[in-house]
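In: One predicted model, sequence on top.
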Amino acid sequence: MVTRQPTQQVSGEPVDFRTDPSQYRHWKLVYDGPVAVLAMDVREDGGIKPGYELKLNSYDLGVDIELYDAIQRLRFEHPEIKAVILTSAKERVFCAGANIRMLSQSSHAWKVNFCKFTNETRNAIEDATLHSGQYYIAAVNGPCAGGGYELALAADFIVMADDGATSVSLPEVPLLAVLPGTGGLTRLVDKRRVRRDRADFFCTVEEGIKGQRAVDWRLVDEVVPRSRLEQTARQRAREFAGRSDRPAYGAGIELGPLAREIGADRIAYSHLVCAIDRRRGIADILVRGPAEPAPAGLPAVRAAGTGFWPLALARELDDLILHLRANEGEIGLWTWRSEGDGELVEAYDRLLVDHRADWLVREIVLYWKRTLKRLDTTSRSMFALIEPGSCFSGTLLELVLAADRGYMLAGQRNGDNRPPATLSLTELNFGAYPTGNGLSRLATRLLGEPGRVDDLKGKIARPLDAFAAEAAGLVTFAPDDIDWQDEVRVAIEERAAFSPDARTGMEASLRFAGPETTETKIFGRLTAWQNWIFQRPNAVGDSGSLKVYGTGQRAKFDRGRV
């Protein structure tokens, strides 16, 4: 494997999101029948970057990378696990939240990507509950502050030690002049239904709230004496496990090492190749369809393991998105292309649909849903380019629908004997991969014409040429060979000439159309404000709260309200 540091990146050494339990430094996993215990035990000297200590179970991106990996493995490798106790391995401390020293010395882009990944990881916990029958119980054994409480908020049930010292708090506003930016405020009032006036008080009290008041205010679900915390957490975990439809027995799929080669301007996986044009700020991403027919039945799917094409590609795509977001900050436009046989893609989709009740197939489809959602929240422009030889069918068509624009070449290219490009729909395009608003990408795209979504169901498995795809609303433009090169080139050059900040704001606003949910509020609104607040002098200026925290000095604020 060739590894070379990208010349344009957000901060410091390239971040590698690949890990496994043998490399964990901050988490411990123990299995006990249908229950797993995932305990936070952060190494103070284990920061992903130098210059700060991770005291009191405070965390940085490295801690969350391990947490995300653990969540994935619990879902794929352990079908027997029906409930997870999320707790701390340290005595009398749960989690102090995101490390303040890390935040104070990080670039703005690093902070934003860190917060985005952190919240996507919290969402993955909630997704496991809602769709995989794997419930999370937070056992709070000590002070639980800021991002630590946001981690607990992602769980289904919070039980807290009632010892006069343990509390929950969101102290970012009074202490740091920032917000609980990975969903704390939104989950407080939307998920836990905390009254607004009580939430207002809670978010301005540095010491937080403890004991029975925390239960009465819906901040936690139960408080028990410290001596009974572990016993109660296990009891609640087994109660939740009784609701699960996950299998009691059977082998999971081991998520082995993900093969990847990184060159100066190229990132290559088995089914995915990304070529980077640094001069123009473009990542050209080629997705390869399956090389072999879909396996015949579930035993063959399990035998293929992580080599099963939908699972293999989902893992590669997930890793590429995270790599480009964290390490290639100046590559502002991603273009999506594909090559392969669209009928083979359709066959794999039919296999997933036919066996959707199976726990493993369900997890693969849910993994695709979460990975596609990363595109919706990624601050990069995205264009899909559909040409002869493409295989944007079914699941891969979602990449076209997730893009900001789609260009499809009409007819053949001069000198190319391949047939014209086509797109095709499968059943998975109609709800298997919802966006944060709860609707499919088709339904979100056609909000103004909801009846057309039902009409499109009649076109499942029917190849659509460029003009038919344009008429159906699946692509934006369908130029012919004469206009293709100039039209695509001009579109890319124009996009690159716009302000990156304006593009980010525009794309985020346009991608979150339709119904508002807790998820769209967090990503479409709260993180936008967090993004803004993280740049204000009141937080990051020389006398801002993040800069002077821990020095004994008082922050100096610009008192103007804007």
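Out: Sure thing, it's come through.

In: What is the neighbour count of Asp319?
Out: By other CB atoms under 10 Å, 19 other residues sit near Asp319. (Glycine included, C-beta is placed from N, CA and C.)

In: Then Ala513?
Out: As a burial measure, Ala513 scores 16 neighbours (other CB under 10 Å).

In: now swap in Asp245 and tell me
Out: Neighbour tally, Asp245, other CB under 10 Å: 10.

In: That one contacts Ser132, correct?
Out: No - checked against CB atoms under 8 Å, the pair Asp245 and Ser132 is beyond contact range at 9.1 Å.

In: Mind listing the shared neighbours of the two?
Out: Trp359 (CB atoms under 8 Å, 6 or more residues apart in numbering).

In: measure stretch 400-418 end to end?
Out: 21 Å (CA to CA, to the nearest Å).

In: Can you list the buried residues in it?
Out: 400-411, 413 (16 or more other CB atoms under 10 Å).

In: Kindly list the longest helix within the protein.
Out: helix 108-132 (DSSP state H).

In: how distant is it from the center of its chain?
Out: With CA atoms, centre = their mean, to the nearest Å as the basis, helix 108-132 stands 5 Å off its chain's centre.

In: and Ser338, helix, strand or coil?
Out: The three-state label given to Ser338 by DSSP: H, G, I helix; E, B strand; the rest coil is strand.

In: That one: how many residues sit nearby?
Out: 25.

In: Can you tell me the closest non-neighbouring residue to Gly183?
Out: Closest residue to Gly183 apart from its sequence neighbours, by CB to CB, 6 or more residues apart in numbering: Ile522 at 4.5 Å.

In: helix, strand or coil for the one you found?
Out: Per three-state DSSP, Ile522 ends up helix.

In: didn't it look like it was pressed against Thr186?
Out: Yes - counting by CB under 8 Å, Ile522 does reach Thr186; the two are 5.1 Å apart.

In: Report the residue spans of the stretch 251-400 of the chain with pLDDT below the cut-off.
Out: The stretch 251-400 of the chain contains no residues with pLDDT under 70.

In: I meant the stretch 401-550 of the chain, not that one.
Out: Low-confidence segments of the stretch 401-550 of the chain (pLDDT under 70): none present.

In: redo that, cut-off 80
Out: 524-532 (pLDDT under 80).

In: middle-most residue in the chain, spatially?
Out: Nearest residue to the geometric centre of the chain (CA atoms, centre = their mean): Glu120, 3.6 Å.

In: wait, doesn't it sit right on Asp376?
Out: No - if you go by CB under 8 Å, Glu120 and Asp376 don't touch, sitting 10.5 Å apart.

In: picking that back up, ok, the residue nearest to Gly183 - how many residues close by?
Out: By the measure other CB under 10 Å, the count of residues near Ile522 is 27.

In: Now do stretch 194-207, average pLDDT.
Out: The predicted model gives stretch 194-207 an average pLDDT of 96.

In: Provide a list of residues in contact with Glu487.
Out: Counting by CB under 8 Å, 6+ apart, Glu487 has contacts Tyr407, Phe477, Pro479.

In: check which helix or strand covers the first one.
Out: In this structure, Tyr407 is located in strand 405-408 according to DSSP states H and E.

In: How far does that strand sit from its chain's centre?
Out: 25 Å.

In: In whatever helix or strand comes next after that strand, which residues are buried?
Out: Using DSSP H and E, the helix or strand that follows strand 405-408 in sequence is helix 441-445. Within helix 441-445, the residues that count as buried by 16+ other CB under 10 Å are Arg441, Leu442, Ala443, Thr444, Arg445.

In: Pull the distance from stretch 480-491 to the chain's centre.
Out: That offset, for stretch 480-491, works out to 33 Å (CA atoms, centre = their mean).

In: Need the contact partners of the strand holding Tyr407.
Out: Residues outside strand 405-408 that contact it (CB under 8 Å, 6+ apart) are 383-386, 400, 421, 423, 466, 469-470, 474-479, 484, 487-488, 491.
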